[in-house]
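**Q** Provided below are the primary sequence and the corresponding predicted coordinates.
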Amino acid sequence: MEFARRCNGITSFKAMDILAAAMELQGQGRDIVRMEVGEPAFSAPQPVIEAAQKAMAAGHTKYTAACGIPELRQAVAALYQRRYGVVLNPERVVITTGSSAALGMVCEMLLNPGDGLLLSDPGYPCNPNFVRRLDAEPQLVPVEAANNFQLTADLAEHHWQANTRGVMVASPNNPTGEIITRENLVALHKLTAEKQAALVVDEIYHGLTYDAADVASILEVTDDAFVINSFSKYFGMTGWRLGWTVVPEAAMERINAMAQNFYISSPAISQYAAMAALSPEVGEILEERRAEFHRRRDFLVNGLRHIGFGIEHSPAGAFYVYANVEKLTDDGEAFCWRMLREQGVAFTPGTDFGVHNANKYVRFTYTSSMDRLEEALERLAKGCL
């Protein structure tokens with residue numbers, strides 16, 4: 001069988017490779033401290049589970065409108081008013097089967113074969129593959145700790161090419177947890193507007209910020225950007241496969257047709273459960289969890305620095321630590337596999353997130369409990385002697 005050429009460029013997701021190996025070792029009876037995937041260890045809040053049960057009992061198990069149930073779209077719009085003071089037309093909110101479906105449709109709407117999209121390096125490893133899937137070109141821009149591992153307007157303009165059709169950024173970012181300043185969002189919007197190009201902003205980790213970090217939504221700056229978001233991270237609903245995108249008015253008709261054809265609708269039960277996720281009751285639970293993530297971040301960062309990992313400054317958000325391993329090894333990817341096999345600690349090599357200085361970095365998640373983080377640090381210290 002001959003496969004389409006575009007499949008040849010799709011790279012593996014190394015975090016998932018590490019996850020599979022960790023699960024195999026667990027199946028053999030090994031105790032593995034899991035710090036490789038970006039999944040909150042907390043289960044979905046109990047009111048969310050109860051809302052799903054009520055939805056099933058009420059028979060809400062059929063197709064919904066392609067863009068989501070109206071009540072949920074309105075609730076998401078209300079979230080933007082509470083958080084950012086943005087008045088948002090609910091019809092611009094499209095509920096999707098995870099944020100991956102949102103990103104896929106946005107890329108399909110914006111990119112023709114041969115077009116380019118500027119992305120930060122390091123960045124979320126699936127993003128370039130969404131671009132490659134369209135026979136388009138992921139244009140990776142090297143970013144450094146000095147600019148918070150974020151793509152700035154100056155960098156974007158410097159790396160702009162004749163076929164560039166837009167810029168995608170994430171704030172907070174995976175794998176670094178760093179945010180984009182409000183001023184830089186304004187500058188990125190100005191740049192893309194001048195070039196009549198698209199601006200796509202991943203806001204999946206909004207809500208998970210620390211130290212009073214000032215995290216702006218691009219919707220505070222412009223109505224013309226595309227926003228990607230999810231119920232997976234802050235809301236802790238990874239397996240429910242529910243996300244959303246906010247699109248400009250001009251894109252509403254097109255994305256509705258795409259959602260109808262490509263996905264029919266998002267899972268109905270998940271949508272009704274998400275209504276509870278946006279309630280004040282669940283909001284209190286999520287804020288308690290955010291405070292716990294903050295505590296875990298500080299504990300892990302301090303412990304890793306003591307062992308010899310290089311961390312320029314504590315990440316402002318998400319639940320990742322992107323750590324330099326130059327003092328410990330000259331091969332970050334091999335280091336990850338060795339620590340998994342010898343010490344039973346699973347974390348992700350920087351080579352999963354790009355090419356720029358990638359083998360000098362690794363990514364840890366701090367979604368596990370404090371006692372497991374403490375165990376991980378003890379094992380890492382032993383392995384790095």
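**A** Okay, I see it.

**Q** let me see the ranges of the helices in the stretch 1-150 of the chain.
**A** Listed in chain order, the helices of the stretch 1-150 of the chain (DSSP state H, counting those that start in this stretch) span 14-27, 46-57, 70-84, 98-110, 126-132.

**Q** which one of the ones you listed lies nearest to Asp214?
**A** Nearest to Asp214, of all the helices of the stretch 1-150 of the chain, is helix 70-84, at 11.4 Å by C-beta to C-beta. (Each C-beta comes from the backbone N, C-alpha and C, glycine too.)

**Q** low-confidence regions, this protein specifically.
**A** The chain contains no residues with pLDDT under 70.

**Q** now do the strands in it.
**A** Here the chain has its strands, by DSSP state E, at 33-34, 93-96, 116-121, 137-142, 164-170, 198-202, 226-230, 243-246, 320-324, 345-346, 348-349, 361-365.

**Q** which helices and strands does the second one pack with?
**A** Right, the one you point to is strand 93-96. helix 70-84, helix 98-110, strand 243-246, helix 252-262 (3 or more C-beta pairs under 8 Å, 6 or more residues apart in numbering; DSSP states H and E).

**Q** what strands flank the third one, and is each parallel or antiparallel?
**A** Paired with strand 243-246 in the same sheet, following DSSP bridges, are strand 93-96 (antiparallel), strand 226-230 (antiparallel).

**Q** could I get the strands of the chain in CSV, plus columns for distance to Tyr84?
**A** Putting the strands of the chain into CSV (distance: least, C-beta to C-beta, whole Å) gives the following:
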stretch, distance to Tyr84
strand 33-34, 34
strand 93-96, 14
strand 116-121, 23
strand 137-142, 27
strand 164-170, 17
strand 198-202, 13
strand 226-230, 11
strand 243-246, 11
strand 320-324, 23
strand 345-346, 36
strand 348-349, 31
strand 361-365, 27
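
**Q** Throw those into a markdown table and include distance to Ile255 and mean neighbour count, thanks.
**A** Formatted as a markdown table, these follow (distance: least, C-beta to C-beta, whole Å; neighbours: other C-beta atoms under 10 Å):
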| stretch | distance to Ile255 | mean neighbour count |
| --- | --- | --- |
| strand 33-34 | 36 | 22 |
| strand 93-96 | 6 | 28 |
| strand 116-121 | 17 | 24 |
| strand 137-142 | 22 | 19 |
| strand 164-170 | 16 | 24 |
| strand 198-202 | 13 | 24 |
| strand 226-230 | 9 | 25 |
| strand 243-246 | 7 | 26 |
| strand 320-324 | 30 | 24 |
| strand 345-346 | 37 | 26 |
| strand 348-349 | 32 | 27 |
| strand 361-365 | 31 | 27 |
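
**Q** compare the ones you listed and give me the one nearest Lys62.
**A** Of those, nearest to Lys62 by C-beta to C-beta is strand 93-96, at 15.2 Å.

**Q** who's in contact with the closest one?
**A** For strand 93-96, contacts defined as C-beta atoms under 8 Å, 6 or more residues apart in numbering pick out 67-69, 72-73, 76-77, 102, 105, 242-247, 255-256, 259, 263, 266, 271.

**Q** likewise for stretch 230-240?
**A** Residues outside stretch 230-240 that contact it (C-beta under 8 Å, 6+ apart) are 38-40, 42-45, 48, 98-99, 102, 204-208, 242-244, 267, 270, 273-274, 277, 282, 286, 289-290, 318-319.

**Q** for that stretch, which positions count as buried?
**A** Residues of stretch 230-240 classed as buried by neighbour count (16 or more other C-beta atoms under 10 Å): 230-238, 240.

**Q** do stretch 304-317 as well
**A** Those would be 304, 307, 309-311, 314-317, for stretch 304-317 by 16+ other C-beta under 10 Å.

**Q** pick out the most distant pair among the residues you listed.
**A** Ile307 and Gly317 (23.4 Å).

**Q** tell me the contacts of the residue nearest to Asp331 when sequence neighbours are not counted?
**A** With C-beta to C-beta, 6 or more residues apart in numbering as the criterion, Asp331 has its nearest non-adjacent residue at 6.1 Å, and that residue is Asn359. Asn359 sits next to 330-333, 349-351 when contact means C-beta under 8 Å, 6+ apart.

**Q** closest to Met1 out of those?
**A** Thr351 (29.6 Å).

**Q** about what we covered before: most widely separated two among the buried residues of stretch 230-240?
**A** Largest separation among the buried residues of stretch 230-240 by C-beta to C-beta: Tyr234 and Trp240, giving 13.2 Å.

**Q** will you turn the buried residues of stretch 230-240 into JSON lines that also has distance to Asp135?
**A** Output for those, formatted as JSON lines (distance: C-beta to C-beta, whole Å):
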{"residue": "Ser230", "distance to Asp135": "26"}
{"residue": "Phe231", "distance to Asp135": "31"}
{"residue": "Ser232", "distance to Asp135": "28"}
{"residue": "Lys233", "distance to Asp135": "30"}
{"residue": "Tyr234", "distance to Asp135": "34"}
{"residue": "Phe235", "distance to Asp135": "34"}
{"residue": "Gly236", "distance to Asp135": "36"}
{"residue": "Met237", "distance to Asp135": "33"}
{"residue": "Thr238", "distance to Asp135": "30"}
{"residue": "Trp240", "distance to Asp135": "32"}
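
**Q** and those residues, which is closest to Thr176?
**A** Lys233 (14.8 Å).

**Q** now that closest one. Its backbone dihedrals?
**A** phi -90, psi -70 (degrees, to the nearest 10).
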